[in-house]
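Enquirer: I would like the atomic coordinates for the input below:
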Amino acid sequence: MIAGVLKEQPGENRVSLVPEIVKQLEKQGVTVWIEPDAGTRAYYSDESYIQAGAQIKPAGEILQQADIILSIQIPEESSWKMIPAGKVLAGIYQPLYNTALMQQWADKQLTAFSLDSVPRTTRAQSMDVLSSQANIAGYKAVLLAATSYSRYFPMFMTAAGSIAPAKVLILGAGVAGLQAIATARRLGAVVEVFDTRPAVREEVMSLGARFIEVEGAADASAAGGYAVEQSADYKQRQQEKIADSVAKADIVITTAQIPGRKAPLLIPTAMLERMKQGSVIIDLAAATGGNTSLTENNRTVVHQGVTIIGDSNLPSSMPSDASKLYAKNMYNFLQLLIKNGDLVLNFSDDIVQGACITHSGAITNERLKQAEGVKL
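Expert: All right, here's what the predicted structure looks like:
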């Protein structure tokens with residue numbers, strides 16, 4: 001079995017495998033090919049891969065001959081069109097947002113595994129790329145907010161006077177939100193948190209934050225850490241509660257997303273205009289429309305003195321550790337596909353089946369089958 005690692009496109013600094021994982025795969029009889037400079041932006045040199053047992057190969061050779069092709073983001077069109085029928089790809093492909101492309105891959109007879117579709121079960125925790133990368137996003141969101149904010153985070157008492165601590169509001173207490181709470185508290189901020197799931201109250205409070213609750217939320221226990229659609233009445237009460245907290249906040253970090261749908265609008269323009277000048281919003285849902293009405297992905301917007309930073313790929317700004325965690329997730333997933341050094345697709349395994357998006361010329365993912373434009 002040959003596992004090939006592609007160099008990511010500009011803007012993505014992570015790499016699918018790191019040298020220590022290459023070494024482990026080589027011990028299992030897997031040959032690893034790495035595209036030149038694939039790990040350079042994550043500070044893993046070609047030489048470090050060679051020392052781990054990998055071979056440096058041109059992209060064309062990897063695309064044509066590797067049994068499984070690894071890339072974090074979707075390869076550019078000119079690349080994936082070179083892949084012969086029957087080959088296997090694995091990465092984070094956001095299939096619910098890329099239905100047309102997944103159909104093209106199915107038509108091309110490619111087998112695609114998207115690790116963001118791995119079932120969020122206890123057995124699959126070691127393969128959960130969403131959690132490992134969201135942890136980094138939550139951490140970096142707070143640091144980005146701190147460097148963008150014009151005031152201190154902690155309280156200071158000096159001879160020249162006292163500085164009040166920053167007030168941070170975090171919308172969504174999933175993995176990213178919880179890490180954001182912990183990081184903001186370490187920096188000395190006062191933190192409030194809103195989430196539609198009452199079950200996260202204890203976790204929020206254990207980190208030293210205040211939990212804002214709106215009664216009557218729809219059950220989100222089966223949504224895998226994502227938001228779910230709420231009733232109109234609930235949304236109205238939610239907006240009122242959030243509006244009060246947003247108006248008082250110095251920093252707002254938003255994380256709410258719904259799989260396959262536009263991110264819920266939590267902060268409309270009227271609410272933005274009630275915020276204090278100099279306040280900062282970090283919107284981690286920017287790639288799917290954002291949680292504010294003015295969010296633009298990968299851009300910073302300033303509206304009436306409020307800075308809105310849309311960044312859906314903060315893990316790429318910590319590429320060394322992000323790659324290390326991602327590579328470990330990938331390695332654990334590959335253990336389900338490797339048998340005696342060969343690639344074996346065991347679709348009786350619920351994790352393999354859940355992560356598989358396309359196979360044998362068809363869309364196999366049940367959620368994606370319901371999407372518009374998918375052949376049934």
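
Enquirer: Stretch 34-45 spans what distance, first to last residue?
Expert: End-to-end distance of stretch 34-45 (CA to CA, to the nearest Å): 11 Å.

Enquirer: Check stretch 71-87 too.
Expert: First-to-last distance for stretch 71-87 - CA to CA - comes to 14 Å.

Enquirer: Any buried residues in it, and which?
Expert: Residues of stretch 71-87 classed as buried by neighbour count (16 or more other CB atoms under 10 Å): S71, I72, Q73, I74, P75, S79, W80, I83, K87. Where C-beta positions appear, they are placed from N, C-alpha and C, glycine not excepted.

Enquirer: Also stretch 2-10?
Expert: I2, A3, G4, V5, L6, K7, E8.

Enquirer: Okay, helices next: where are they in the stretch 101-250 of the chain?
Expert: 129-148, 175-186, 201-206, 232-248 (DSSP state H, counting those that start in this stretch).

Enquirer: can you redo the ones you listed as TSV with distance to D350, mean neighbour count and mean pLDDT?
Expert: Below are those laid out as TSV (distance: least, CB to CB, whole Å; neighbours: other CB atoms under 10 Å; pLDDT from 0 to 100):
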stretch	distance to D350	mean neighbour count	mean pLDDT
helix 129-148	17	22	97
helix 175-186	22	24	97
helix 201-206	27	15	96
helix 232-248	33	15	85
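
Enquirer: Now distance to T111 too, for those, in a markdown table please.
Expert: As requested, these are exported to a markdown table (distance: least, CB to CB, whole Å):
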| stretch | distance to T111 |
| --- | --- |
| helix 129-148 | 18 |
| helix 175-186 | 28 |
| helix 201-206 | 38 |
| helix 232-248 | 40 |
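
Enquirer: follow-up on the earlier one: dump the buried residues of stretch 2-10 into a markdown table; add secondary structure and pLDDT as well.
Expert: Formatted as a markdown table, these follow (DSSP: H, G, I helix; E, B strand; the rest coil; pLDDT from 0 to 100):
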| residue | secondary structure | pLDDT |
| --- | --- | --- |
| I2 | strand | 98 |
| A3 | strand | 98 |
| G4 | strand | 98 |
| V5 | strand | 98 |
| L6 | coil | 98 |
| K7 | coil | 98 |
| E8 | coil | 98 |
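
Enquirer: which residues does the residue with the largest distance to the centre of the chain contact?
Expert: Distance from the C-alpha centroid of the chain, by CA atoms, centre = their mean, peaks at A159 (44.2 Å). The contact partners of A159, taken as CB atoms under 8 Å, 6 or more residues apart in numbering, number zero.

Enquirer: on that earlier part again, out of the helices of the stretch 101-250 of the chain, nearest to P268?
Expert: helix 232-248 (8.0 Å; CB to CB).

Enquirer: Go ahead and produce CSV holding the CA coordinates of that closest one.
Expert: Output in CSV follows, covering the C-alpha atoms of helix 232-248 (Å, rounded to 0.1, in the frame of the first residue of the first chain):
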residue,chain,number,x,y,z
ALA,A,232,-39.4,31.0,16.1
ASP,A,233,-40.5,31.7,19.7
TYR,A,234,-37.2,30.4,21.1
LYS,A,235,-35.2,32.5,18.6
GLN,A,236,-37.1,35.6,19.7
ARG,A,237,-36.2,35.0,23.3
GLN,A,238,-32.7,34.0,22.4
GLN,A,239,-32.2,37.3,20.5
GLU,A,240,-33.4,39.3,23.4
LYS,A,241,-31.0,37.6,25.8
ILE,A,242,-28.0,37.7,23.4
ALA,A,243,-28.7,41.4,22.6
ASP,A,244,-28.3,42.4,26.3
SER,A,245,-25.1,40.5,26.7
VAL,A,246,-23.6,41.7,23.3
ALA,A,247,-24.2,45.3,24.2
LYS,A,248,-22.1,44.9,27.4
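
Enquirer: Show the subsequent helix or strand relative to it.
Expert: strand 251-254 (DSSP states H and E).

Enquirer: Quick one: distance of the following helix or strand past that following strand to the chain centre.
Expert: Remark: after strand 251-254, the chain's next helix or strand is helix 269-272, criterion DSSP H and E. Helix 269-272 has its C-alpha centroid displaced from the chain centroid by 27 Å (CA atoms, centre = their mean, to the nearest Å).

Enquirer: Tell me which other helices or strands the next helix or strand after helix 269-272 touches.
Expert: Counting by DSSP H and E, the element after helix 269-272 in chain order, helix or strand, is strand 280-283. With contacts defined as 3 or more CB pairs under 8 Å, 6 or more residues apart in numbering; DSSP states H and E, strand 280-283 has these neighbours: helix 129-148, strand 251-254, strand 306-310.

Enquirer: Mind checking the ones you listed for the one nearest to E12?
Expert: Of all these, helix 129-148 comes closest under CB to CB, at 11.9 Å.

Enquirer: wouldn't K276 be in contact with D250 here?
Expert: Yes: shown here, K276 and D250 form a contact pair, counting by CB atoms under 8 Å, at 6.8 Å.

Enquirer: can I get the helices and strands packed on strand 280-283 in JSON lines with distance to A287?
Expert: Below are the helices and strands packed on strand 280-283 laid out as JSON lines (distance: least, CB to CB, whole Å):
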{"stretch": "helix 129-148", "distance to A287": "11"}
{"stretch": "strand 251-254", "distance to A287": "12"}
{"stretch": "strand 306-310", "distance to A287": "8"}
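
Enquirer: domain ranges for this protein?
Expert: 2-117+335-369, 134-317 (automatic domain parsing).

Enquirer: What residues of stretch 91-111 count as buried?
Expert: 91-96, 98-99, 101-103, 105-106, 108-111.
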